[in-house]
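> Okay, here's the prediction I keep looking at, along with the sequence it came from:
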Amino acid sequence: MRRSGKKRRLIYSSVLVTAVAIPLLGWTLGSVGGTGGGLYGPYEARLQLDGFKLWDNRSIAEAELEPYYAEVLQGDYASLPDGEERIAIDASAPSARSSESALVKGEYGGRPDVLVWDSMDTQWVEYEVTVEREGLYEIHATYLPLKGENHTRPVVWDVKVDGARPFREASSITLYRQWKDAEEIKKNDDGDEIRPIASDVSDWTTYPLADSGANYAEPFKWHFSAGKHRIRLEGYEPVAVAELALVAPNSPKPYKEVAAAHADASSPDIASLTIQAERMSWKNDPSVVMMWDRDWRTLPRAQGRITYNTMGGVRWDWPNQEVFWEFEAPESGLYKIGLRALQNRFSQKASFRTIRIDGEVPFKEWLTYRFPYQSSWQHVALADESGEPFRIYLEKGPHTLSIGLTHAAVSPIVRGIENLSALLRDIDKDLSAVTSGQSDRNRTWKLDRDLPGLRDRLEQAAGNLDVLADAMTEANGRKDSASEGFRLSASDLRALLRIPDDIPYHADEIASITEKINNFVVNMHKQPLQLDEIYIVPADKPFPERTTSLADKIKGTAADFVYSFDTRQSLSDKNESELSVWVLRGRDYVTQLQDLADETFTPVTGIKVKVNLLPNPQLLVMSNAAGLQPDVALGLNQDLPVDYAIRGSVYDLSRYDDFGDVYSRFSPGSWQALYYDKGYYGLPETQSFQVLYYRKDMMRELGLEIPETWQDVYDLLPTLQQNDMNFYMDPQEFLPFVSQNSVEFYTANGFATGLDTPEGFQAFKQWTDLYNMYAMEKQVPSFYQHFRSGAMPIGISDYNMYVQLAAAAPELNGRWGIALIPGVEQPDGTIKRWAGGQQTTGVVFEASQKKEQAWKFLKWWVSTDTQVRYGSDLEAINGVSFRWNTANVEAFTRLPWKREDANVILRQWAWYKEKENPPGGYFMGRELNNAWVRSVIDGMNYRASLEASILDINRELRRKQQEFGFIGESGQPLRSLDFPIVKEPWDGVDQYVK
């Protein structure tokens, strides 16, 4: 937030902070007088946090970022008039561009003379525009995303005007694709429906530039003074652009004004129209999917089988996800709209949506429409505060209804929480500085003397919590856990203030309050909504009667009871004519694999496959004892194949004649964890990766370079820590230090650990020194949150961090990047960057009578074409959060990764290496972590700590290897494990780095 010495109000506005009435969807059909159950009055979208005092002690991260759009709108833009003209800009004729070959004038999608932006590297294009009259304008883009196998992401632009972003959110403007589910819903052999795949049906669209986080209900307004200006668009997703236009804003009018314009219109005398909500005409995000529901009233009825009869739910809770339904109005006239909806995910918490007809919000009340919490399915009407349904005038003919998720109602509260958290963190920091982090009750404090001003800041924080509680109750329409949590926290602070001189003894309570209020932000942004049916009804006619009678409820309960005895999913039901495959993943993954095998594997090989969901890996152990093993298991943790191989449960894949061809597709380091007794017992399926994440903006502001070695990390830590920041690495991640120092975890014969060497002790010291000498954090609840806030602008993390940032941190678009992890410099100047990442694997069971068929299936499964198809289908159905991190490097390059990021991942992939798994190897990770705790937490000398762990590791290795026949009773070697040694990075990735 900006600095302010005055009492200010944090105001939310819908488009931008103009007063907008926001009714709530709450009228319950069948309620007495229309006021029972779900009726709550409307409230003003101009949500005012009256009395909220802004705290300004911005970090470098905050200072580097531009102000929020809401601040600009209330500040610099407040006195500016709206523009009055439309200014068209020919997109095919930029004044400047980053590449003459990647951004060309051409034809695309049946439209000539457009800019074809065909590059997956970051590019930019710039336009000059002359404005006659100063004012605020919307910017509209006419675009068509380029289609193709690797083009599935929405288009994201970083927009600058005259060389600068006018507000923070301009760094991430998203233009969406259009997705449509396949018309035909297939069924599997059990009669369960298979969720259809969405295909890209994008067409030329004109869309106003708006907030990617859905924090404002209307498009952005951009200030242009009279004269010439430059508009720069920067991005990396291929797109064709026909036109940009500066357009005068056209905010929707209040309902009363709109209704008055159609006062003479009448309700047509026709039947009601019912739309099955799951039959979406299109959507802007493939992860909004069909869902299935067992409620007896939900149609089509699920009769003991998976039946996709609703849409949305928990898969419709990301910002700006919008769904479209086409319908035909038989006659011109006034209509009303009702829905059968379920909104029961979070108790007492509302969800909000923006509702449009034919692409336009018809009146202000639909900008941010509230769906209150209900514990069960409800038939609701879009109605005003009195429960009277809104009457919408429709011309005869085709129309489109769209409903999109918005955070506009809660975004000012979220910004208030961010500001309050900064205040509480500063209070906590000051207390820690004075008390040295110790609660010494033998010391007497005089708060006003020792920490002048602290009491006033705590009173300010308590007051702000009251404001947030009132605002949350107003926005939500009722009290909920967040509003009550704010009130309770305010009471806790006031309790501390009753005896102010005791506050230093309770510093941990302030940290706890900060953590608690920050946790509310996540749930505020979770706004699921599930729909079954949509009703388009003549305004004067009643809504269809869709309540469930008592008899139907009894019938449905009885039917569900009968269906519960259907054991078609039982793992014990094996058909000898089918290859049995168990998958340790979620239902979506299993269904998709079954569908893909039926389509592309069985027709080619003649091998019928039955894919079953494996709830947990312990069932494999029990199935072995019961003689019910599958032929193939997928999705297993990398440690399990060797664990099962030791006990003779899984088959040595190296015994297949063509194993060498498969082996060469994967990095040598990935095979280390799958090797046992001169054989390989699993195939890599997916691999995570460790890379260095960094905030470009903050590293630039601090004048820091990206570290190449651990010495570089040591050198940048003082600068970070002087600015209340730090470097992140998972304290339990020891593999890079061991491997980068040329240490093997085990001796070549596998009988002892290889850590008992000077290099091993040096590796352990390097690991623990980061926390003992260089003050890195010993515990971090969420690197993702610390990275977003700027508290940790650089650190090492994995694939999940990448997906989180790409999908859920639009405000950081263009502000973060990835690099190779730091390594250990060698005498010849090269840098060793070894790291692991964990992988999932597939195995063939020893007891299988179909080993050849199982091997064909595994080869098909890890092949490039199958991995690409599977990953593409998963993302098409479920969105980017289901990005498939395949272990097949060629398939990886054909999935929709940002090219510059893919190059970094590929280069780090060359250094991928996992530790081996000998009998007793489970003690390695356990004891190394114990050694770390003794050294870092308990203060034990690093050498003594590691020596104690080495003794325990070697003792357990000897015990287990005697048990499994590698060592005799007297300790004499009987046979050796002969671990392969990987010393050089994999050059197999070189051909894919572009």
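On my side now, so go ahead. Predicted model, so just to flag it, every value in this text is computed and none were measured.

> now the stretch 401-550 of the chain, which segments are flagged as low pLDDT?
Counting by pLDDT under 70, the stretch 401-550 of the chain shows low-confidence ranges at 436-438, 546-550.

> So which residues of it form helices?
411-435, 447-450, 454-476, 481-498, 507-524, 550-563 (DSSP state H, counting those that start in this stretch).

> for the stretch 551-700 of the chain, same thing?
587-596, 602-605, 618-626, 640-646, 659-663, 668-671, 696-702.

> avg pLDDT for the longest one?
This means helix 587-596. What helix 587-596 shows for mean pLDDT is 90.

> Any buried residues in it, and which?
Neighbour counts over helix 587-596 (16 or more other C-beta atoms under 10 Å) mark 589-596 as buried. Glycine gets a C-beta too; all of them are placed from N, C-alpha and C.

> what's that helix packed up against?
The contact analysis (3 or more C-beta pairs under 8 Å, 6 or more residues apart in numbering; DSSP states H and E) places helix 587-596 against strand 579-583, strand 609-613, helix 864-878.

> Report the next helix or strand after the last one in sequence order.
What that stands for is helix 864-878. Counting by DSSP states H and E, the next helix or strand C-terminal to helix 864-878 is helix 889-893.

> Go ahead and name everything in contact with that next one.
Residues from elsewhere that reach helix 889-893, judged by C-beta atoms under 8 Å, 6 or more residues apart in numbering: 665-667, 864, 867-868, 871, 885-886, 902, 905-906, 909, 988-989, 992.

> And the residue nearest the centre of this structure?
Central residue of the chain (C-alpha atoms, centre = their mean): Gln804, 4.1 Å from the mean position.

> Would you mind measuring from that one to Ser287?
Distance, Gln804 to Ser287, by C-beta to C-beta, to the nearest Å: 15 Å.

> got it, and Glu947?
In this view, Glu947 and Ser287 are 51 Å apart by C-beta to C-beta.

> Those two: which has the busier surroundings?
Ranked by neighbour count (other C-beta atoms under 10 Å), Glu947 and Ser287 place Ser287 first, with 21 against 16.

> thought the more buried one was touching Arg315?
Yes. Using C-beta atoms under 8 Å, Ser287 is in contact with Arg315, at 5.8 Å.

> Quickly list what's touching both of these two.
Asn878.

> neighbours around Ile417, how many?
Neighbourhood size, Ile417 [other C-beta under 10 Å]: 24.

> go on, Thr830?
Thr830 has 11 neighbouring residues, counting by other C-beta under 10 Å.

> coming back round to it: between the buried residues of helix 587-596, which is closest to Arg815?
Nearest to Arg815 among the buried residues of helix 587-596: Tyr589, at 32.4 Å, using C-beta to C-beta.

> is it true that that closest one touches Val583?
Yes. Using C-beta under 8 Å, Tyr589 makes contact with Val583 at a distance of 6.5 Å.

> now the strands for the stretch 51-200 of the chain?
Along the stretch 51-200 of the chain, counting by DSSP state E, counting those that start in this stretch, strands occupy 87-90, 96-97, 103-108, 111-117, 123-131, 135-145, 155-161, 173-175, 179-181, 198-200.

> For Phe363, find the nearest of those strands.
Nearest of these to Phe363, taken as C-beta to C-beta: strand 135-145 at 18.6 Å.
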